[in-house]
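here is my input; please provide its structure:
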Amino acid sequence: MTYSNILSHRSMILDDYRNSLYADSIKKLVHPESVVLDLGAGLGIHGLVAANAGAKKVYLVEPGAGLEVAAKVIARNNSSDRIICVRGNIEEVKLPEPVDIIISVFTGNFLLQEDLLPSLFYARDKYLRKGGTLVPDRAKMEVAPVTTKGLFEKNIASWSSPSQGIDYGLVREYAANSIYYGDHRDEIDDYLAEPTGIIELDFMTAKKADCRNTIEVKITKDGTCHGWLGWFQTRLGDTWLSTSPQVTRTHWGQAFLPLDPPLQMAAGDTISFQLHRPELGEWTWIVKTGNTEQKHSTFLSHPITPGVLQMKSAEHKAVLNMKGQAALFVLQNLNGSITSNEIATELVKSFPEIFPDHEHAMRFVINLIERFTRT
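Numbering: from 1, shown residues only. Below you'll find the model as predicted:
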């Protein structure tokens with residue numbers, strides 16, 4: 001997920017339900033001596049709430065260009081005297097002091113999805129003062145088996161229908177091993193069991209953002225199980241904010257984990273659901289009922305060749321390709337001694353096969369500068 005486009009923040013800034021729950025929690029915690037870190041601040045709405053609540057100082061840490069807009073919003077709201085904008089990832093920047101409160105929205109549609117929680121844990125360990133507080137400080141993932149004929153037909157079964165007389169049925173396997181994120185509340189025909197928690201993370205103590213849990217669920221009504229729907233709850237002070245499709249809508253959606261083929265279930269049946277996802281890794285879900293077992297994994301959602309498997313191996317000894325060599329050349333010269341224009345000129349001379357002219361080389365250089373240098 002990227003938020004480099006300013007308008008991509010719209011759904012979050014205008015999510016009044018979510019933001020009001022955050023604001024209530026922040027206002028209860030902030031006092032005149034509070035030093036606050038708004039981590040992954042975006043356009044800074046939670047940091048501004050903390051400043052308006054009377055915080056002594058607020059640090060907004062954000063790697064994206066949205067921080068430039070946040071600075072203008074801060075000035076427009078007369079809060080520049082207490083809010084300091086720090087551009088960069090938390091692992092790269094340096095704050096001059098510990099903080100009393102860390103505010104974050106580092107939860108993807110299915111909690112672990114965006115792989116941001118490791119950065120929260122880093123910030124907690126490095127900057128949170130003893131006795132400090134996280135907002136939120138806890139979260140849990142929940143799942144339920146569902147009947148959703150339309151969602152299944154659109155994303156999975158449709159691949160079995162030829163197009164222009166051409167059979168693309170083999171793609172169905174890739175589709176069945178994918179997770180579908182979005183607001184699915186209007187696409188669920190029925191819930192075949194009560195929602196069940198599958199993991200809970202205490203952000204104050206957790207060291208890793210991973211999952212390997214198994215639950216058993218009793219089916220409450222007859223129906224076709226097309227897959228599992230997942231969402232999360234997160235604790236803001238003494239209030240839980242849920243992204244369930246059965247409660248107030250937020251900018252977050254849910255995750256649909258399909259089963260192919262779907263399973264016919266009857267009330268009273270027991271179904272086992274195992275969810276596995278290492279930190280920064282692939283999702284795997286295994287469903288067992290009676291003598292039936294299905295295993296799906298996002299690892300299988302794209303073609304796997306021997307070459308790809310080799311590159312993923314911890315024992316692989318990689319060698320840079322030509323584009324990698326060009327990138328290495330650029331990075332080695334980003335030391336403040338020569339200009340971008342000079343680097344691009346050398347690229348055209350040394351790598352004519354991939355840079356036919358100065359313009360292409362310059363775009364390549366600028367892209368690396370934007371990603372790996374300090375402003």
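
please make it C-alpha for all contacts and neighbour counts, starting now.
Noted.

how much space between Glu194 and Pro258?
18 Å (Cα to Cα, to the nearest Å).

the two: which is more packed in?
Pro258 (27 against 14; other Cα atoms under 10 Å).

across the sheet, point out what pairs with the more buried one.
Pro258 has these beta-bridge partners by DSSP bridges: Gly227.

pretty sure it contacts Ala176?
Yes. Pro258 lies in contact with Ala176 (Cα atoms under 8 Å); the separation is 6.0 Å.

residues near Ser11, how many?
By other Cα under 10 Å, the residues close to Ser11 number 12.

nearest spatial neighbour of it, chain-adjacent residues omitted?
Spatial nearest neighbour of Ser11, chain neighbours left out: His251 (5.6 Å); criterion: Cα to Cα, 6 or more residues apart in numbering.

before we move on, what about Tyr122?
That would be Glu91: by Cα to Cα, 6+ apart, it lies 7.3 Å from Tyr122.

next one: Glu279
The spatial neighbour of Glu279 that comes closest, neighbours along the chain excluded (Cα to Cα, 6+ apart), is Asp210 at 4.8 Å.

does that neighbour touch Gln113 like I think?
No. Counting by Cα under 8 Å, Asp210 stays clear of Gln113, with 10.3 Å between them.

just the element for the spatially most central residue of the chain, please.
Nearest to the mean C-alpha position of the chain, by Cα atoms, centre = their mean, lies Glu114 at 1.5 Å. Assigned by DSSP states H and E, Glu114 falls within no helix or strand.

what of Phe121?
Using DSSP H and E, Phe121 sits in helix 117-127.

which residues are in contact with that helix?
Helix 117-127 has contacts (Cα atoms under 8 Å, 6 or more residues apart in numbering) with 39, 90-91, 95, 97-99, 102, 104, 106-107, 203-204, 206-209.

check those for burial and list the buried ones.
Taking 16 or more other Cα atoms under 10 Å as the criterion, what is buried in the contacts of helix 117-127 is 39, 90, 98-99, 102, 104, 106-107, 203-204, 209.

show me the residues you listed that map onto strands.
39, 99, 102, 104 (DSSP state E).

bridged to the closest residue to the last one other than its chain neighbours, which residues?
With Cα to Cα, 6+ apart as the criterion, Ser104 has its nearest non-adjacent residue at 5.1 Å, and that residue is Leu39. Under DSSP bridges, the beta-bridge partners of Leu39 are Val61, Ser104.

name all residues that make contact with Leu39.
60-62, 90, 102-105, 120.

6 Å instead, please
Counting by Cα atoms under 6 Å, 6 or more residues apart in numbering, Leu39 touches 61, 103-104.

can you give me how far the least confident helix or strand in the chain by mean pLDDT is from the chain middle?
Scoring the helices and strands of the chain by mean pLDDT, DSSP states H and E places helix 306-312 at the bottom, with a mean of 78. Distance, stretch centre to chain centre, for helix 306-312: 25 Å (Cα atoms, centre = their mean, to the nearest Å).

lovely, talk soon.
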